[in-house]
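Enquirer: Task: produce atomic coordinates for the following.
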Amino acid sequence: MVRPRRIAKGGLVYHVLNRANGRLRIFRKVSDFEAFENIVAQSAERIRMRICGYCIMSNHWHLILWPRQDGDLSDFMKWLTVTHSHRWHQSHGTVGIGHLYQGRFKSFPVQTNAYYLTLMKYVESNPRRCGMVKRSSDWPWSSLVAREGLDKPIVLSEGPMALPRRWSDIVDERYGTSNHDSKLIETCIQRGRPLGDEAWTKKMAGKLGLLVTIRPKGRPVKEPKKGVCGAVEKVPLILYIGYQFFMLFSSMEV
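Expert: A predicted model of the protein is given here:
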């Protein structure tokens with residue numbers, strides 16, 4: 001079955017994530033991280049993609065992207081993942097040995113207000129939440145260190161809204177995001193649900209064909225039948241059995 005092309009509107013900000021196949025550690029050496037950053041930068045030049053933030057971990061990565069035109073997100077991600085997979089296999093001598101990524105990338109749009117800042121904190125504090133560094137800015141493979149002046153090939157966009165002052169300290173407050181915010185974002189990652197307030201989320205879900213992502217999982221609960229007056233109909237078992245005997249005997253020949 002052919003999967004439908006995603007509706008990725010330009011002008012919206014998206015969180016994008018992909019994981020290595022089988023959670024393989026595809027970023028081991030410094031050169032692995034550097035190669036991926038260079039490919040992201042090349043992808044951004046080809047598609048004219050605005051990159052607001054990112055974080056590269058050992059077996060997955062996060063990108064916060066702000067495409068200009070409809071379809072730019074899909075074009076950007078296609079070139080990025082295909083190019084990275086090809087070059088990674090060539091570099092590691094594994095050409096023809098399976099897929100590098102576990103599947104198609106995951107993405108969801110985010111509202112450009114406090115939810116955007118919460119998402120940025122979630123992404124850039126990832127290494128600290130995982131216990132890999134004491135401060136998020138100690139991790140050299142994220143947009144946070146680029147904001148602090150470390151030379152990177154990826155040119156960061158200023159984004160749809162300015163980040164507050166002392167951003168590095170804010171990222172590390174309570175490991176970047178509260179448990180509630182982290183669970184909310186993780187749900188959006190798993191389901192592709194828009195991240196924002198209730199009204200905006202419903203609007204975007206309808207606009208982007210994502211209504212299924214905001215509905216409860218599982219089959220809807222059926223309501224019991226109601227009588228003429230609206231009361232739930234309940235037939236006692238003894239009456240039901242009596243009725244069945246009546247119908248049986250009335251149909252018998254005398």
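Enquirer: Next, count neighbours for V30.
Expert: Using other CB atoms under 10 Å, V30 is surrounded by 10 other residues. C-beta coordinates here come from the backbone N, C-alpha and C atoms, glycine included.
Enquirer: how about the helices of the stretch 151-254 of the chain, start to end?
Expert: 167-172, 179-191, 198-207, 237-250 (DSSP state H, counting those that start in this stretch).
Enquirer: which residues are in contact with the first one?
Expert: Here helix 167-172 makes contact (CB atoms under 8 Å, 6 or more residues apart in numbering) with 120-121, 124-125, 128, 135-137, 144, 147-148, 164.
Enquirer: related to what we said a few turns ago, go through the helices of the stretch 151-254 of the chain and find the least confident stretch.
Expert: Mean pLDDT is lowest for helix 237-250 among the helices of the stretch 151-254 of the chain, at a mean of 61.
Enquirer: circling back to that earlier point, farthest pair within the contacts of helix 167-172?
Expert: Farthest apart among the contacts of helix 167-172 by CB to CB are R128 and P164. That separation is 18.3 Å.
Enquirer: So those two - more neighbours on which side?
Expert: Per other CB under 10 Å, whichever of R128 and P164 has more neighbours is R128, with 19 against 9.
Enquirer: moving C-terminal of the host helix or strand of the more buried one, what's the next helix or strand?
Expert: R128 belongs to helix 126-129 when elements are defined using DSSP states H and E. Proceeding N to C from helix 126-129, the next assigned helix or strand is helix 143-147, under DSSP H and E.
Enquirer: name the helices or strands packed onto that next one?
Expert: Packed against helix 143-147, as judged by 3 or more CB pairs under 8 Å, 6 or more residues apart in numbering; DSSP states H and E, are the following elements: strand 50-56, helix 114-124, helix 167-172.
Enquirer: least reliable of the ones you listed going by mean pLDDT?
Expert: If you rank the helices and strands packed on helix 143-147 by mean pLDDT, helix 167-172 sits at the bottom with a mean of 93.
Enquirer: And that helix, what's buried?
Expert: The neighbour-count check on helix 167-172 (16 or more other CB atoms under 10 Å) flags 167, 170-172 as buried.
Enquirer: now do stretch 149-163
Expert: By neighbour count, and taking 16+ other CB under 10 Å as the criterion, the buried residues in stretch 149-163 are 152, 154, 156-157, 159-160, 163.
Enquirer: Which member of the residues you listed is positioned nearest S43?
Expert: Sorting these by distance to S43 puts I154 at the head of the list, at 9.7 Å, by CB to CB.
Enquirer: Nearest residue to the closest one in space, ignoring adjacent ones along the chain?
Expert: Once its chain neighbours are removed from consideration, I154 has its nearest residue in A41; the separation is 4.9 Å (CB to CB, 6 or more residues apart in numbering).
Enquirer: where's the residue nearest to the spatial centre of the chain relative to G103, distance?
Expert: Centroid-nearest residue in the chain, with CA atoms, centre = their mean: I189, separated by 2.6 Å. For I189, the distance to G103 (CB to CB, to the nearest Å) stands at 13 Å.
Enquirer: for this structure, what's the longest helix?
Expert: The helix of greatest length in the chain, counted in residues with DSSP state H as the criterion, is given as helix 72-92.
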